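Engineer: Sequence isn't available, so here's the structure alone:
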């Protein structure tokens, strides 16, 4: 009973703290997914090219290449007249790109030599760069067509110059872009959980020590273990609430963006997010125990913020590690907290099957580490120097 009294007291006290509420209920669950996930999704949409979309292209001296203009029109590009000052117009963003047909284009083409073309583009403008990539891809198709016609005109089979016929079979269901996007889910989950209990963990020990409210609490006829687990329970509530709100915000965010445009088959539907939350749930008690233990070691709020600020690197480490190293999900990596959850959540988003043994090892290893941290926190609270 005393455990729940302490827990309720900590929850009520921290709900009055705007900083704690901001990071637990707003920054981690809402702003962080919106800033990180939204910018990443927007960048994928910026890089993707929809060749079925009808766009316009400003062409200077289009009359010098009528067949090329017909080819562009057949690939969903409407040719428009170029502005007078081409370079200034592209630089200002009046037009995205301008294709210039030089005077000797037709002569060089008839002579069997490379025909010159100039594509004016503003590389500092993302929209201009995207439009240029589309035009370049279509012109590459036109060039290959002309090359084959030239060879056939000379009685040469174009396949003679194809020494290899390499077919790439990508067995992944998501591609590299989907893999990167899938890794964002565990990062957002874990970071929001840490942020959810960050300031509460600081306030329950270092903050109360500075306010001199910890000594009266410990002088009450309560077991130290009840105090520890009461503070732990309050931290766990905030961490769990932050995780749930993060799942809701991620679901809402990715409903606004068509995932299929990013070239992957990743899943951010409700069923997948519930599954991901259950797989990450062993981290709720682990992160809460880690925050409570670290805050119990510190003697001041400033010191606690420093220690816990450095601890922010812990949830970031698996994210960057898995981006640069290919670490397979094995029975050796599954008992490692955070790393195993990263791997399991990526598999959940990608729709891969997850062995039940991996789930058990991940949960078992994380809960075992949680028990060790709680034991350490209980011993720290038994020390009299906790009040110093």
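Structural biologist: Structure received. These figures come from a predicted structure and were not determined experimentally. Numbering: from 1, shown residues only.
Engineer: Can you list phi and psi of the residue lying closest to residue 314 once chain neighbours are set aside for me?
Structural biologist: The spatial neighbour of residue 314 that comes closest, neighbours along the chain excluded (C-beta to C-beta, 6 or more residues apart in numbering), is residue 338 at 6.8 Å. Where C-beta positions appear, they are placed from N, C-alpha and C, glycine not excepted. Dihedral angles phi and psi of residue 338 (degrees, to the nearest 10) take the values phi 70, psi -50.
Engineer: and what of residue 60?
Structural biologist: Here the main-chain torsion angles of residue 60 (degrees, to the nearest 10) amount to phi -90, psi 120.
Engineer: residues contacting it?
Structural biologist: Shown in contact with residue 60 (C-beta atoms under 8 Å, 6 or more residues apart in numbering): 82, 86, 98, 99, 100, 101.
Engineer: Among the residues you listed, which one has the most neighbours?
Structural biologist: residue 99 (26 neighbours; other C-beta atoms under 10 Å).
Engineer: And the strand or helix carrying it, how far out from the chain middle?
Structural biologist: For residue 99, the enclosing helix or strand under DSSP states H and E is strand 97-100. Here the centre of strand 97-100 is set off from its chain's centre by 35 Å, with C-alpha atoms, centre = their mean, to the nearest Å.
Engineer: Please apply the same query to stretch 77-85.
Structural biologist: For stretch 77-85 - counting by C-alpha atoms, centre = their mean - the centre lies 39 Å from the chain centre.
Engineer: Tell me the buried residues in that stretch?
Structural biologist: Buried residues in stretch 77-85, counted by 16 or more other C-beta atoms under 10 Å: 77, 79, 82, 83.
Engineer: In a markdown table: those residues, plus pLDDT and secondary structure.
Structural biologist: What follows is the buried residues of stretch 77-85, written out as a markdown table (pLDDT from 0 to 100; DSSP: H, G, I helix; E, B strand; the rest coil):
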| residue | pLDDT | secondary structure |
| --- | --- | --- |
| 77 | 90 | strand |
| 79 | 91 | strand |
| 82 | 89 | coil |
| 83 | 89 | coil |
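Engineer: Can you add distance to residue 158 and give these back as TSV?
Structural biologist: As requested, those are arranged in TSV below (distance: C-beta to C-beta, whole Å):
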residue	distance to residue 158
77	25
79	28
82	34
83	39
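Engineer: that older thread, ok, residues contacting the strand holding residue 99?
Structural biologist: Applying C-beta under 8 Å, 6+ apart, the set of residues contacting strand 97-100 from outside is 57-61, 82-83, 86, 89-90, 117-121, 128, 131-132, 135.
Engineer: let's see 7 Å
Structural biologist: If you take C-beta atoms under 7 Å, 6 or more residues apart in numbering as the criterion, strand 97-100 is touched by 57-61, 82, 86, 90, 117-121, 128, 131-132, 135.
Engineer: same thing with stretch 377-384?
Structural biologist: By C-beta under 7 Å, 6+ apart, the residues outside stretch 377-384 that reach it are 224, 225, 227, 228, 289, 292, 293, 296, 297, 386.
Engineer: Helix or strand: which one has the second one?
Structural biologist: Same thing as residue 225. Secondary structure from DSSP H and E places residue 225 in helix 224-255.
Engineer: So which bits of the helix or strand just after the strand holding residue 99 are buried?
Structural biologist: Later in the chain than strand 97-100, the nearest helix or strand by DSSP H and E is helix 105-110. For helix 105-110, burial by neighbour count (16+ other C-beta under 10 Å) applies to 105, 106, 109.
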